[in-house]
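>>> Predicted model and sequence below, questions to follow.
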Amino acid sequence: MSGPTGALKHVQSSMESVAGLAKGLYARAPASTATLLSLLLSYLITTARSDYVLYRSLGVGGLAPPGPIGWLVHTFILRPLAMSSGREKDPERLPVSDEQVQGQSLSLDLPKRKGNAPFTFGLMPHRQLDQTLPEDGAMQKTMQALASHFNKLATLNVNLRPSISVLEAHNSPSLQVQHSPKDISATQIHSYARLFLSGLHAPRSDVSSPLKEFAHIHLHDGSLHLVLSPSHARIVLAQGWGELHRLAGAFYRGHWWPLFILPKWLANDAKARWGYLAQRAQSSSKAVLLPPTYLMIYAPRDEEELQHVKRIIDAAAAFALGHEPISEP
């Protein structure tokens with residue numbers, strides 16, 4: 001038996017088997033079974049409470065409300081779709097580099113980031129929870145420097161626009177790209193950037209909008225989300241400057257879930273999820289797809305790290321534009 005009906009019947013049969021086993025254990029040893037169930041319930045409640053407190057600590061952002069409903073969505077809908085913990089830092093999980101992608105001529109020389117990777121948590125919102133600057137003048141100065149770099153790139157490059165993020169909380173600065181048909185060469189049309197970065201539509205924006213967000217700043221912690229070319233994303237992961245969003249590439253063809261539970265149209269044996277469904281970005285409906293190189297860049301801790309993060313932002317702009325951006329007047 002195959003298809004959705006067969007899968008549902010298999011799940012139903014498994015649940016009935018578990019229920020039968022529980023009844024049998026209770027009939028043989030009711031006191032022991034009740035004790036074990038009480039301990040299990042206590043553990044689940046304690047774990048859920050701790051997870052909820054951690055979720056609330058993420059602050060405002062993302063798409064779900066910050067209260068209990070948002071936690072339920074985050075825990076029972078988004079988490080099952082996310083790649084397993086650890087894969088978000090693995091360069092081998094990235095798509096193969098596309099030689100047609102424009103903007104890869106920009107060199108991205110990054111040293112190894114000092115120290116261990118910070119602790120991050122969440123999907124929507126996705127936040128860095130340690131190794132951040134104190135919320136004083138230093139944090140404010142860093143935020144202003146990052147936002148100023150967004151504004152400078154937008155001033156010097158006609159197809160870039162600074163804006164308020166439509167993917168994040170409404171006060172988060174973002175950088176968006178605008179391509180008109182005459183600006184797009186045949187090579188760019190077939191590149192990853194043209195199909196998915198330039199076609200990335202925020203859930204709060206209309207699919208027909210010419211502006212496509214590719215970078216934004218998190219005012220809560222000083223980190224950023226942005227989209228890079230596969231080759232530049234590989235450098236960032238290898239050198240420890242960021243990590244993939246664990247929903248990066250979700251619902252594109254190919255998935256982290258085991259192939260035997262996926263329909264054929266979603267299954268793909270590629271190393272990483274990468275989409276070839278260009279129609280999604282051209283449809284009249286809203287798209288909620290994150291490209292497979294959608295990364296968090298860790299918050300800069302000093303002036304030296306700030307300069308490296310600016311270089312990563314330049315690389316994201318290069319991928320969005322299809323050519324190296326003008327970064328100095």
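Thanks, I have the structure now.

>>> From the rest of the structure, what touches stretch 131-146?
Residues lying outside stretch 131-146 but in contact with it, judged by C-beta atoms under 8 Å, 6 or more residues apart in numbering, are 115, 118-119, 173, 217, 219, 221-224, 298-301, 306, 309-310, 313. (Glycine included, C-beta is placed from N, CA and C.)

>>> Inside strands: which ones of those?
Mapping the contacts of stretch 131-146 onto strands (DSSP state E) picks out 173, 217, 224.

>>> Closest to residue 27 out of the residues you listed?
Nearest to residue 27, judged by C-beta to C-beta, of these is residue 224 at 57.7 Å.

>>> So which of the ones in strands among the contacts of stretch 131-146 is the closest to residue 86?
Set against residue 86, the nearest of the ones in strands among the contacts of stretch 131-146 by C-beta to C-beta is residue 224 (21.8 Å).

>>> what's the closest one in contact with, if anything?
Counting by C-beta under 8 Å, 6+ apart, residue 224 makes contact with 146, 215-218, 296-297, 309, 313.

>>> Against residue 108, how distant is residue 231?
As judged by C-beta to C-beta, to the nearest Å, residue 231 and residue 108 stand 8 Å apart.

>>> Could you list the low-pLDDT ranges of the stretch 1-150 of the chain?
1-16, 18-19, 22, 26, 62-64, 93, 95-106, 135 (pLDDT under 70).

>>> Can you report phi and psi for residue 127?
Torsion angles at residue 127 (phi, psi; degrees, to the nearest 10) stand at phi -130, psi 150.

>>> quick one, what contacts the residue nearest to it when sequence neighbours are not counted?
Distances taken as C-beta to C-beta, 6 or more residues apart in numbering put residue 58 closest to residue 127, at 4.6 Å, once the chain neighbours are dropped. Counting by C-beta under 8 Å, 6+ apart, residue 58 touches 66, 121-122, 125-127, 129, 220.

>>> Now a PyMOL select for only the buried ones of these.
Selecting the buried subset of the contacts of residue 58 in PyMOL, with 16 or more other C-beta atoms under 10 Å as the burial test, is done by:
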select buried, resi 66+122+125+126+127+129+220
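
>>> Quick check: the two most widely separated of the contacts of residue 58?
66 and 129 (15.4 Å).

>>> Residue 151 and residue 160 touch, don't they?
No - assessed by C-beta atoms under 8 Å, residue 151 is found out of contact with residue 160, at 9.7 Å.

>>> Looking at these two, which has the bigger crowd around it?
Shown here are residue 151 and residue 160; by other C-beta atoms under 10 Å, residue 160 has more neighbours (25 against 14).

>>> Any figure for the gap between the closest residue to the more buried one other than its chain neighbours and residue 219?
Nearest-residue entry for residue 160: residue 154, 4.4 Å, with adjacent residues in sequence omitted and distances by C-beta to C-beta, 6+ apart. Taking C-beta to C-beta as the measure, residue 154 falls 19 Å from residue 219.
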